[in-house]
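Q: Fold the following.
(2 chains)
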Protein chains: 2
Amino acid sequence: MTGPRAARLETVRARMAELEIDVLLLSLGADLPWLTGYEAMPLERLTMLVVPREDLPTLVVPRLEAPRVDEDPEVFRIRSWGEQDDPVQIVAALSSLAGSVKEVAVSDRAWATFVLALQATLPGAYWRPASAVTGPLRAVKDEEEIAALVAASAAADRVAAQLLAGDIALSGRTEREVSQEIGRRLIAEGHQKVNFAIVGSGPNSASPHHDAGSRVIQPGEPVVCDFGGTMDGYCSDITRTVWTGEPTTEQRDLYDVVREAQSAGVAAALVGATCEGVDTAARAVITDAGYGDAFIHRTGHGIGLEEHEDPYIVEGNETPIVEGHAFSVEPGIYLPGRFGTRIEDIVVVGRSGPLALNHVTHDLTVVSA
Amino acid sequence: MTGPRAARLETVRARMAELEIDVLLLSLGADLPWLTGYEAMPLERLTMLVVPREDLPTLVVPRLEAPRVDEDPEVFRIRSWGEQDDPVQIVAALSSLAGSVKEVAVSDRAWATFVLALQATLPGAYWRPASAVTGPLRAVKDEEEIAALVAASAAADRVAAQLLAGDIALSGRTEREVSQEIGRRLIAEGHQKVNFAIVGSGPNSASPHHDAGSRVIQPGEPVVCDFGGTMDGYCSDITRTVWTGEPTTEQRDLYDVVREAQSAGVAAALVGATCEGVDTAARAVITDAGYGDAFIHRTGHGIGLEEHEDPYIVEGNETPIVEGHAFSVEPGIYLPGRFGTRIEDIVVVGRSGPLALNHVTHDLTVVSA
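A: Have a look, this model is predicted:
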């Protein structure tokens, strides 16, 4: 009998064979914890799992971090290194055990400094990002992973419901204060970590990745709140736009367009459609309303162990949607210098259709607080 | 008249010329904020500053993040890219404006996926890490940076003093609870961000990078607390080992050795010595006491915008120590399965000698809490 990680290792190896990759090198990012349960420290001492095509993988880890690792004899062994060792040489030697290395895949987020050193030590190899192997595998969530996403989304929903209910004061406070309060509430609702809490008020609502700053929120303006965290390893991500007073007719109309676009995107998230198709469905609503140029980002991104991962819901991505894909649907309209609005839910694709994991209303909400 | 960032750009270019580097590409990590004041988001949309040998640098940034950037016409211009653009092609084109590119330096922490794509787009170039250019420059702190390090260390000192005074309950609580309380206190004392708060109790004190976990701290055992955060951009880092009851004679003896080693390391941090020399000075004390094999890590690391940066205080690093170097001196002794101890202060090298930035006592402290 094999554990879930041993089963993942099997699928990884099948895909390595398919892509003719001799060795997979995993360091920073979510591939390593997905496969081993261990997350590398983002420091200058190299941690790297060497996955050959056949033999048991080896986790090369700094000696002073080795006690943090729980070995899993079905999935990997540990090779710790001391301060006078060269971990790059160790990884290169482990990679070459079965002969000369022609094709290598390395964690997308591995540091450049290690990739360059490894390239010098394994000359002549062709390198590509590990997501070529793991992206499509990790994009399809199993039942346990979906349960974790459901739980994280529910926790984020509770904070969004508090926002819409006026429990989080807005007018008269700085964006930063509101952002910090949202962060505290994400933790209080069960997240271990806050990944981001964007609060863009008034003209700042027109900047999709706005840093919550020192601007004091005024009455009668839109506030885009986009926040999420990590709970038991899996990420949440939700956006609601609320008003601190009666919106203008233009703002109401624009909000209606975004709401309709968001629904259209979700409705298109069907097995057999493409990722691009979901983007097109949401974008068409906004373009038809005359705001096409003001929807300046893709419609969404996959979500799981990482806040952004495969599959990306963007023009040009012809990946077919399959059961178990989980991603955000988050169209927006941004009028620079004036205002913007965005609505975002996480969706999991089921056999019989899309399942939204966020359940907080999309009705335009005026928060009297 | 030029600002401090324009002055930094001058020194960067002088060093690029010296190393014959045609273009410097800065993305994740502290080089970019050090030079521009802007920190790239660690996401899959590429942000990269292209620094040619002569022309004004260009910051290639996702369109939806461009509003977060304050342009500095003395140091860089902005080139934003939309969801249908290929940022790698844009960076490659900007890199090649002055002709074919032979030598490229790229941020040490840039993601592998972007480095691999750029290598394919700029074939034949020789690549090395940006720290070859920026490491020695950033390692030497100016007055303003030293003031920031002093302030961050003082804030960490206040938390360490609270720990030694028994304000932070230890016995009967889990390591994780204590770690979280230390984190809250780092924020309360002025840090914007907690970088780590290691709490290793009893046998866990023998694991230098122990994750604070579910172990309940017992009376009468050593607790290694190693914590730090970021305050106004600069990092703090301090370690104290405290006891929750009377230590054994062996523990007292071992603590005395570590304390003496720490002092010897600091005393060796003189202009004209080498980084390796500081390591040797601390290590000799521990080796002479018979614990050489139990001091399993280097003596220290540089500190500044990053928690670990040049210069590293490690055997083999013959870099001469100069005025303005800032680094940790943190020897330790670890007896696996039994206990360990470590003492760490940050030191800045002045013209007339080393200046410790942490001032909390090194006396063995029994915390009655």
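Q: Could you list the low-pLDDT ranges of the stretch 201-350 of chain A?
A: The model of the stretch 201-350 of chain A has no residue with pLDDT under 70.
Q: Would you map the helices across it?
A: Taking DSSP state H, counting those that start in this stretch as the criterion, the stretch 201-350 of chain A contains helices spanning A:249-267, A:275-288.
Q: Chain B is nearest to which of these?
A: When these are ranked by proximity to chain B, the top entry is helix A:275-288, at 9.2 Å, counting by C-beta to the nearest C-beta. Any C-beta I mention is one placed from the backbone N, CA and C, and that applies to glycine too.
Q: hmm, back to that, which of the helices of the stretch 201-350 of chain A is buried the deepest?
A: Highest mean neighbour count of the helices of the stretch 201-350 of chain A: helix A:275-288, a mean of 21 (counted as mean count of other C-beta atoms under 10 Å in any protein chain shown).
Q: tell me the angle it makes with helix A:249-267.
A: Taking axes from the mean of the first three to the mean of the last three C-alpha atoms, to 10 degrees, one finds that helix A:275-288 is oriented at 160 degrees with respect to helix A:249-267.
Q: The closest residue to residue A:23 other than its chain neighbours - how many residues pack around it?
A: Spatial nearest neighbour of residue A:23, excluding adjacent residues (C-beta to C-beta, 6 or more residues apart in numbering or on different chains): residue A:95 at 4.5 Å. Neighbour count of residue A:95, defined by other C-beta atoms under 10 Å in any protein chain shown: 24.
Q: Does residue A:95 touch residue A:50 like I think?
A: Yes - Residue A:95 lies in contact with residue A:50 (C-beta atoms under 8 Å); the separation is 5.7 Å.
Q: Which neighbours do those two have in common?
A: Shared contacts of residue A:95 and residue A:50, defined by C-beta atoms under 8 Å, 6 or more residues apart in numbering or on different chains, comprise A:23, A:25.
Q: mind checking how far residue A:120 is from chain B?
A: Separation of residue A:120 from chain B (C-beta to the nearest C-beta, to the nearest Å): 9 Å.
Q: so which helix or strand takes in that residue?
A: Residue A:120 belongs to helix A:112-121 when elements are defined using DSSP states H and E.
Q: distance between that helix and the chain's centre?
A: Relative to the chain's own centre, helix A:112-121 is displaced by 27 Å; criterion: C-alpha atoms, centre = their mean, to the nearest Å.
Q: Tell me the residues of the stretch 101-250 of chain A that contact chain B?
A: A:106-113, A:115-116, A:119, A:127-129, A:131, A:206-211 (C-beta under 8 Å from any C-beta of the partner chain).
Q: Among those, which ones are in strands?
A: A:106, A:127-129 (DSSP state E).
Q: Residue A:305 contacts residue A:195, correct?
A: No - using C-beta under 8 Å, residue A:305 is not in contact with residue A:195, being 11.8 Å away.
Q: what sits against the residue nearest to residue A:23?
A: With C-beta under 8 Å, 6+ apart, residue A:95 has these contacts: A:22-23, A:25, A:50, A:52, A:101, A:104, A:122.
Q: Just flag the most distant two among the residues you listed.
A: Largest separation among the contacts of residue A:95 by C-beta to C-beta: A:52 and A:122, giving 13.1 Å.
Q: Nearest to residue A:82, out of the helices of the stretch 201-350 of chain A?
A: Proximity to residue A:82 (C-beta to C-beta) singles out helix A:275-288 among the helices of the stretch 201-350 of chain A, at 45.7 Å.
Q: what sits up against the closest one?
A: Contacts for helix A:275-288 (C-beta under 8 Å, 6+ apart): A:257-258, A:260-262, A:264-265, A:267-269, A:292, A:294-295, A:298-300, A:311-319, A:321, A:327, A:329, A:331, A:333.
Q: residues contacting the closest residue in space to residue A:309 that isn't next to it in sequence?
A: Of all residues not flanking residue A:309 in the chain, residue A:302 sits nearest, at 4.5 Å (C-beta to C-beta, 6+ apart). Residues near residue A:302 by C-beta under 8 Å, 6+ apart: A:139, A:308-312, A:325-327.
Q: how near is residue A:302 to chain B?
A: Counting by C-beta to the nearest C-beta - residue A:302 and chain B are separated by 10 Å.
Q: do you know how far residue A:25 is from chain B?
A: Residue A:25 sits 9 Å away from chain B, going by C-beta to the nearest C-beta.
Q: okay, now that residue: neighbour count?
A: Around residue A:25 there are 27 other residues, counting by other C-beta under 10 Å.
Q: just to revisit the earlier point, mind putting the helices of the stretch 201-350 of chain A into TSV with distance to residue A:240?
A: Formatted as TSV, the helices of the stretch 201-350 of chain A follow (distance: least, C-beta to C-beta, whole Å):
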stretch	distance to residue A:240
helix A:249-267	11
helix A:275-288	17
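Q: ok so, going back, settle it for me: which of residue A:305 and residue A:195 has more neighbours?
A: Applying other C-beta under 10 Å to residue A:305 and residue A:195 shows that residue A:305 carries more neighbours, namely 20 against 17.
Q: what about that one, distance to residue B:42?
A: 15 Å (C-beta to C-beta, to the nearest Å).
Q: what comes up buried for the lengthiest helix in chain A?
A: In chain A, taking DSSP state H as the definition, the longest helix is helix A:143-164. Across helix A:143-164, burial judged by 16 or more other C-beta atoms under 10 Å in any protein chain shown covers A:145-146, A:148-150, A:152-160, A:162-164.
Q: my read: residue A:359 touches residue A:160, true?
A: No - Residue A:359 is beyond contact range of residue A:160, at 9.3 Å (criterion: C-beta under 8 Å).
Q: before we move on, the earlier item: please pick the buried ones from the contacts of helix A:275-288.
A: Among those, those classed as buried by neighbour count (16+ other C-beta under 10 Å) are A:257-258, A:260-262, A:264-265, A:268-269, A:294-295, A:298-300, A:311-314, A:317, A:319, A:321, A:327, A:329, A:331, A:333.
Q: So which of those are in strands?
A: Per DSSP E, the subset of the buried ones among the contacts of helix A:275-288 in strands is A:300, A:311-313, A:327, A:329, A:333.
Q: among these, which two are most distant?
A: Maximum pairwise distance among these (C-beta to C-beta): 23.7 Å, between A:311 and A:333.
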